[in-house]
Every structure is written in C-alpha cells, then in structure tokens.
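> Have a look at this prediction, sequence included:
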Amino acid sequence: MRDLVTMQERLESLFGRAAPGWVPPVDLSEGPDDFVLTVEVPGLRREDVNIEATPDAVTVRGNRPPQSCCPERYQQLERGQGQFSRSFRFTSQVVPDGIKADLAEGVLTVRIPKAATPAAPIDVR
C-alpha cells in the first residue's frame, strides 16, 4: 500500500500538486514483554507527533508543514508533507498507560508493553 501512495505522490508532484499527507516508513517488532514501533519522521519535533492507545491498538499521528522556502515550482519533491496517521492492532492486549516514546535523530521509537496474561487455573484434584 505504501508503494502505491508513494507512486501517487510522485505522479502528482510532476503536475505541481502535492499529495495530501504522507506515509512514513515503520518497523514493528515483538519481544516477550513488549512491542517496539520505530517510525521514520525526519524533521519533526516532539510536539509534531501524537500517540493514542487502546488496549488492542496504537495510532501515531503527525504533521510536517508544507515546504515554503524559495521556489515557486519544485523540480523534484520527494519528502512527504502534511498530515499522516498510522494505526496498528496487536495480537495480544497492551498497556496504554505504560507506553514510552523517544524521538531522536528523526526516528520515533515507541515501546508498548504487553498486558500480563492471567495465569490459567490449575486443576488440583
């Protein structure tokens, strides 16, 4: 899907129209105790990114303002602009209040702890 959005953005940039929004690249890994989400968001500040969570999903939203430096018409425009939103559902419940995020060198790292699964009842006969 991301490849199709990127292709659309490139075609629209050829005709001088910027695509609304962008799709930052994301890696999602699972460890024994948490999920780790890394999102490439170069140039964004902490206040440009918002993380929302429920026990089974996390959504990362942000905004990169359109470039407004010098040229009236870009010869090439590849960096995404505008708003983005990425949502992820998990195979096990997570703890929304335990989420920790860090933004360093253009990479947002979000650690999402898994909820403790209740122990199965032990049948002692």
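Cool, got the structure.

> which regions of the chain lie under the pLDDT threshold?
1-20, 67-71, 118-125 (pLDDT under 70).

> where exactly do the strands run in it?
Using DSSP state E, the strands assigned to the chain run over residues 26-30, 34-40, 49-54, 57-64, 82-89, 100-104, 107-113.

> just so I know, which of those lies nearest R73?
R73 lies closest, by C-beta to C-beta, to one member of the strands of the chain: strand 82-89, at 18.3 Å. C-beta coordinates here come from the backbone N, C-alpha and C atoms, glycine included.

> Hmm, V58 and V110 touching each other?
Yes - the pair V110 / V58 is scored as a contact, 6.9 Å apart, by C-beta atoms under 8 Å.

> so what sits against both of those two?
Here V110 and V58 share the contacting residues L37, I51, I99, scored by C-beta atoms under 8 Å, 6 or more residues apart in numbering.

> Need the strands of the chain in TSV (columns: mean neighbour count).
Formatted as TSV, the strands of the chain follow (neighbours: other C-beta atoms under 10 Å):
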stretch	mean neighbour count
strand 26-30	13
strand 34-40	17
strand 49-54	15
strand 57-64	18
strand 82-89	14
strand 100-104	12
strand 107-113	18
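
> Any chance of the ones you listed in a markdown table with distance to R73 as columns?
Shown next, in a markdown table, are the strands of the chain (distance: least, C-beta to C-beta, whole Å):
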| stretch | distance to R73 |
| --- | --- |
| strand 26-30 | 31 |
| strand 34-40 | 27 |
| strand 49-54 | 30 |
| strand 57-64 | 20 |
| strand 82-89 | 18 |
| strand 100-104 | 32 |
| strand 107-113 | 31 |
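
> Relative to E72, which of the ones you listed is closest?
Nearest to E72, of the strands of the chain and by C-beta to C-beta, is strand 82-89 at 19.1 Å.
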